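Trainee: With the sequence up front, the predicted model follows.
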Amino acid sequence: MGGGPAEPAEAPAAPRVLTSVPWIVVLLGVGLIVGLLVVAPPSAPPTGGATDAPTGSATPSPGATASPSARASRSATPRPSASSRAVAQGAVAARYEATASDRSGFEARLTVVNGSGGGQGWEVELFFTGNVKTIEASSASGVSVSSQGSGVFVLRGAGPLPAGETATVRMRFGRTGTGDRPGQCTVNGADCVIG
């Protein structure tokens, strides 16, 4: 037995494998993400920011058809609210607003605006939870009200709302429990503004 230094024992292979496990997991994750990006469907175009808007008249006449404009301008203005977008696009828009509340019910105001170029009929559907039971409505221009049950109420203008005009409907709802805002409000099938 010699007095020379002993040869170091070879390091076990297990620690090397353990130190490479995190990198294997990272590589598998990157591979999975790349694979998903390759097979994923293309996304929809963004809805915010600058938009291409054709130049020309923004108010259609009855019976007119839309035709594309040869020139388009780019606008970086902020997006308008839902109600102003509906009016700007020539549609009927509505806004629901709770105005007072007590133990047995609440009061609200519905404002309907016709932003189109001609008279338009309108129908507003209010979808409350089942605790809203009754409705009474008053309007200078006339309105009919029906209950569909389960907190669903439909209000219709008595006649066409003239272009550029506004109809205001005051409502009183009877309820059990709390809450004075509908879960959903639509006017002619499009969303209302709930304030």
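Mentor: Here it is on my side, so go on.
Trainee: Distance check, residue 116 against residue 145.
Mentor: 24 Å (C-beta to C-beta, to the nearest Å). C-beta: built from backbone N, CA, C; applies to glycine.
Trainee: actually residue 183, sorry about that
Mentor: Remark: distance between residue 183 and residue 145 (C-beta to C-beta) = 19 Å.
Trainee: do the same with residue 25
Mentor: Relative to residue 145, residue 25 is positioned 62 Å away (C-beta to C-beta).
Trainee: Please compare these two by neighbour count and tell me which comes out ahead.
Mentor: Neighbour count, other C-beta atoms under 10 Å: between residue 25 and residue 145, residue 145 has more, with 17 against 10.
Trainee: Test my guess that that one contacts residue 134.
Mentor: No - judged on C-beta atoms under 8 Å, residue 145 makes no contact with residue 134 at a distance of 10.1 Å.
Trainee: Tell me where this structure has helices.
Mentor: Ranges of helices in the chain, per DSSP state H, are 14-39, 82-88.
Trainee: So, low pLDDT: which residues of this structure?
Mentor: Counting by pLDDT under 70, the chain contains low-confidence ranges at 1-18, 32, 34-90, 141.
Trainee: Going along the chain, name the strands of it.
Mentor: Residue ranges of the strands in the chain, as given by DSSP state E, are 51-54, 72-75, 92-101, 105-114, 123-127, 132-139, 143-149, 152-157, 166-175, 184-187, 190-191, 193-194.
Trainee: now for the last one, which elements pack on it?
Mentor: So that's strand 193-194. Packing contacts for strand 193-194, counted by 3 or more C-beta pairs under 8 Å, 6 or more residues apart in numbering; DSSP states H and E, involve strand 92-101.
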